[in-house]
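Peer 1: Predicted structure and sequence below. I'll ask about it afterward.
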Amino acid sequence: MTAPGFNLPDATARDLYREILSAGGRIRITDIRPEDTETVQTLLDLGLLKPYVMDGSLSAVNPRSVTARIGADLRAAGTRLLRQADELPDLLGDLAAAYDAAPRQHDRTGTIRIVEGDENVRHRVSQLSEELLHEALSLHPGGARPADAAGDILNHARRFLGLGGAIRTVYETGARLDAPTVRLAAQLTELGCHIRVAQFALPKMMIFDRTVAVIPAGVGAAAFVEDLATVAFLAEVFENYWRLAEGVNWSALAAGSADPAPHEQVGRLLAQGLTQRAIASRLGLSERTVAGHIARLRELYDAETLFQLGWQMRGNRDA
């Protein structure tokens, strides 16, 4: 039940009421102008006019009595509405619970599982690799792959590619300076894998069949994401990195005929004015490793200072 509606008199109704008062407080029904019919009905509904059927007239009513009556009705309606508002949670509570429990036919839900411990993470990744059907995508930061895992990586790639699968991987550019990684990449590309390198830092990520993504979740932990919308977003992130990465002739590099030696690459960047830290970041090497290459270059060029070495390297490059 709702409160009754009260249309309070607007300016037109108030003017007509004053007009009736000025005419003695009464108006014959037959004298009502057609354009005033609605306004008269408003005054009747409010009780500001009272009809007298015997003589066919309408008489003005004291507004004070109307105010008292309408005020009492409104207060009663307000009390009733407040009581209903208090009862509403109990009345609709079971329906709200049923709504929350109802299945959403168009909702797609997924899960994110956090696996802790390096060994547990490796075990779960291995399981996903064995269940792989169509495509594996991965980003690998750092400059080297674990040499002790090369055999397993090759065996899995050979089996998976033989079944028609596809493997795409992006390394950081420092991978070209690690001999075991270069040999592994050369063997993988000969099998049919596609491996590129990026001249910038990469996040660590693996995506299996675009249904499960694996990303870091803190030290020694990984998040296994199965929410399809999130996995699709991460796959697009991979595609962006893939487009920006560069192809490498891994076989030629493994044979020693593609890229200069690591210390020569360090020297080339040093000649461009990069700092030791910037060179380490660009090549995916530790600063200590870069410092070792610089020390070797200083011996080769008989340079006493880093500035002198950079100057001589720049002159050698321009010669």
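Peer 2: Nice, I can see it.

Peer 1: contacts and neighbour counts: CA atoms only from here.
Peer 2: Will do.

Peer 1: how about the biggest helix by length in the chain: buried residues?
Peer 2: Of all segments of type helix in the chain, defined using DSSP state H, the longest is helix 63-101. Burial within helix 63-101, assessed by neighbour count using 16 or more other CA atoms under 10 Å, is assigned to 74, 77.

Peer 1: The helix or strand following it packs against which elements?
Peer 2: Moving toward the C-terminus from helix 63-101, the next helix or strand (DSSP states H and E) is strand 112-116. Applying 3 or more CA pairs under 8 Å, 6 or more residues apart in numbering; DSSP states H and E, one finds that strand 112-116 contacts strand 221-225.

Peer 1: what's the angle between the next helix or strand after the strand it packs on and strand 112-116?
Peer 2: Counting by DSSP H and E, the element after strand 221-225 in chain order, helix or strand, is helix 228-244. Angle, helix 228-244 to strand 112-116, by axes from the mean of the first three to the mean of the last three CA atoms, to 10 degrees: 70 degrees.

Peer 1: same question for helix 228-244, mean pLDDT?
Peer 2: For helix 228-244, mean pLDDT is 94.

Peer 1: Repeat that for stretch 180-196.
Peer 2: Mean pLDDT, stretch 180-196: 91.

Peer 1: Which positions in it come out as buried?
Peer 2: Neighbour-count burial for stretch 180-196, counted by 16+ other CA under 10 Å, picks out 180-189, 192-196.

Peer 1: Then stretch 119-131?
Peer 2: If you call a residue buried by 16+ other CA under 10 Å, then stretch 119-131 has these buried ones: 121, 125, 129.

Peer 1: What residue spans form the domains of the chain?
Peer 2: Following automatic domain parsing, one finds the domains of the chain at 1-102, 113-254, 262-318.

Peer 1: least reliable of those going by mean pLDDT?
Peer 2: domain 262-318 - the lowest mean pLDDT of the domains of the chain, at a mean of 74.

Peer 1: Which residue, other than its chain neighbours, is closest to Trp311?
Peer 2: Nearest residue to Trp311, sequence neighbours excluded (CA to CA, 6 or more residues apart in numbering): Ala271, at 6.8 Å.

Peer 1: I figured the one you found was touching Gly310, is that so?
Peer 2: Yes - using CA atoms under 8 Å, Ala271 is in contact with Gly310, at 5.0 Å.

Peer 1: give me the element Ala136 is part of.
Peer 2: Per DSSP H and E: strand 135-140 holds Ala136.

Peer 1: what's the spacing between Leu95 and Leu88?
Peer 2: Counting by CA to CA, to the nearest Å, the gap from Leu95 to Leu88 is 11 Å.

Peer 1: Likewise for Ala232?
Peer 2: Distance, Ala232 to Leu88, by CA to CA: 43 Å.

Peer 1: Can you give the contact residues for stretch 58-67?
Peer 2: Identification of contacts with stretch 58-67 by CA atoms under 8 Å, 6 or more residues apart in numbering yields 17, 20-21, 25-29, 46-52.

Peer 1: Equivalent analysis for stretch 8-23, please.
Peer 2: The contact list for stretch 8-23 (CA under 8 Å, 6+ apart) reads 26-27, 39-40, 42-43, 46, 48, 60.

Peer 1: Sort out for me which of the residues you listed are in strands.
Peer 2: Per DSSP state E, strands hold the following members of those: 26-27, 60.

Peer 1: No more questions from me, cheers.
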